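# Okay, here's the prediction I keep looking at, along with the sequence it came from:
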Amino acid sequence: MSYPSDGSHLEKRRVGDALDFLRGALVEYLSALPRTSGTAYDSADVQALLNAFVERFREFTLPNHVRTLAFSARDARNEIAHYVGVVAPDVALRHLLNIRQLLKDLGMQSALVEVDRLYAEQLRSLGTRDDVSKKNTGDTSVVHFDGDDGAYYAWLARNPEGYVVNVRRRCSPDYVVLHRASCGHIANPREEGAYTERGYAKLCAPTREDIRDAPTYCGRAKGSFTKECAHCRP
């Protein structure tokens, strides 16, 4: 897969390379199914492989969210193969994160290493955007992401040990839920805009001590979350 060499196509190039690594993983995964010829999928492109993966999903012992990731990867392939123009940097980051999670769930560690490299390159191209939404209250480290999933994904990648508070976009004291930054409920790839561009926003901080300030932005006492996630146990 090749693209023009000008900088405007770097995002497409990175996503395309990640899909190439995913293609190899899908060939290996599908070829291992019972009643499948060892060469049945060798010549298929990534679109055909993703279609086959979805169609045969019941034959895998995989959680249902993996099927959703496969659909999202197919959308990424269609975007870079057919859509005119460039892929926005934050959209490319989301595609790469989705492909990375799919490879991780498939247990394809060698491909995962390569996609991690592409993800890191794309993240560097976004730069540091935390100051766009920072709450300027004293010396707090809390960052407010409202209407910018790309910047939110970038913060998660830079702060894997951090903390995230899920709040409504119209901040309300009755919904202030604490998570770890690694929690799948607030970090796994989802549909475009799901995390900060619809009904919810995120308050983020690198340490547990810093995140104690977050409830005050929603009219609650410092450190008084309405709930702490039972899944990630922050």
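Ah, there it is.

# Strands of the chain, residue ranges please.
If DSSP state E is used as the criterion, the strands of the chain fall at 143-145, 163-168, 176-180, 200-205, 227-228.

# can you pull out the helices in the protein?
In the chain, helices defined by DSSP state H lie at 10-31, 46-55, 65-82, 89-106, 109-126, 149-158, 184-187, 208-211, listed in chain order.

# Count the neighbours of the residue nearest to Val87 when sequence neighbours are not counted for me.
Closest residue to Val87 in three dimensions, ignoring its sequence neighbours and counting by C-beta to C-beta, 6 or more residues apart in numbering: Glu11, at 4.2 Å. Every C-beta, even on glycine, is put in place using the N, C-alpha and C of the backbone. A total of 23 residues lie near Glu11 under the criterion other C-beta atoms under 10 Å.

# any chance of the strands of the chain in CSV, plus distance to Glu59?
CSV is the format used below for the strands of the chain (distance: least, C-beta to C-beta, whole Å):
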stretch, distance to Glu59
strand 143-145, 39
strand 163-168, 35
strand 176-180, 33
strand 200-205, 36
strand 227-228, 38
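
# how about these, which one is nearest Val113?
Closest approach to Val113 among those (C-beta to C-beta): strand 176-180, 23.6 Å.

# who touches that closest one?
Under the criterion C-beta atoms under 8 Å, 6 or more residues apart in numbering, residues 161-167, 185-186, 211, 214-215, 218, 220, 224-229, 232-234 lie in contact with strand 176-180.

# tilt between that strand and strand 200-205?
Angle, strand 176-180 to strand 200-205, by axes from the mean of the first three to the mean of the last three C-alpha atoms, to 10 degrees: 60 degrees.

# Strand 176-180 pairs with which strands, and in what direction?
strand 163-168 (antiparallel), strand 227-228 (parallel) (DSSP bridges).

# got a list of what the residue nearest to Val87 touches?
Contacts of Glu11 by C-beta under 8 Å, 6+ apart are Val86, Val87, Ala88, Pro89, Val91, Ala92, Gln122, Ser125.

# Quick check: phi and psi on the spatially closest residue to Leu97 that is not a sequence neighbour?
The spatial neighbour of Leu97 that comes closest, neighbours along the chain excluded (C-beta to C-beta, 6+ apart), is Pro189 at 5.3 Å. Backbone dihedrals for Pro189, given as degrees, to the nearest 10, come out at phi -60, psi 140.

# Now for Pro189: which residues touch it?
Residues in contact with Pro189 (C-beta under 8 Å, 6+ apart) are Leu69, Ser72, Arg94, Leu97, Asn98, Gln101.

# And the helices of the chain: which comes nearest Glu197?
Nearest to Glu197, of all those, is helix 149-158, at 5.8 Å by C-beta to C-beta.

# can you give me how far that closest one is from the chain middle?
Here the centre of helix 149-158 is set off from its chain's centre by 9 Å, with C-alpha atoms, centre = their mean, to the nearest Å.

# Quick one: list the elements packing against that helix.
helix 89-106, helix 109-126, strand 143-145, strand 200-205 (3 or more C-beta pairs under 8 Å, 6 or more residues apart in numbering; DSSP states H and E).

# Let me have these in JSON lines, adding mean neighbour count as columns.
Below are those laid out as JSON lines (neighbours: other C-beta atoms under 10 Å):
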{"stretch": "helix 89-106", "mean neighbour count": "23"}
{"stretch": "helix 109-126", "mean neighbour count": "17"}
{"stretch": "strand 143-145", "mean neighbour count": "24"}
{"stretch": "strand 200-205", "mean neighbour count": "23"}
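
# possible to save those as TSV with distance to Ala25 and mean pLDDT?
Written out in TSV, the entries for the helices and strands packed on helix 149-158 read as follows (distance: least, C-beta to C-beta, whole Å; pLDDT from 0 to 100):
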stretch	distance to Ala25	mean pLDDT
helix 89-106	6	86
helix 109-126	5	83
strand 143-145	31	89
strand 200-205	31	94
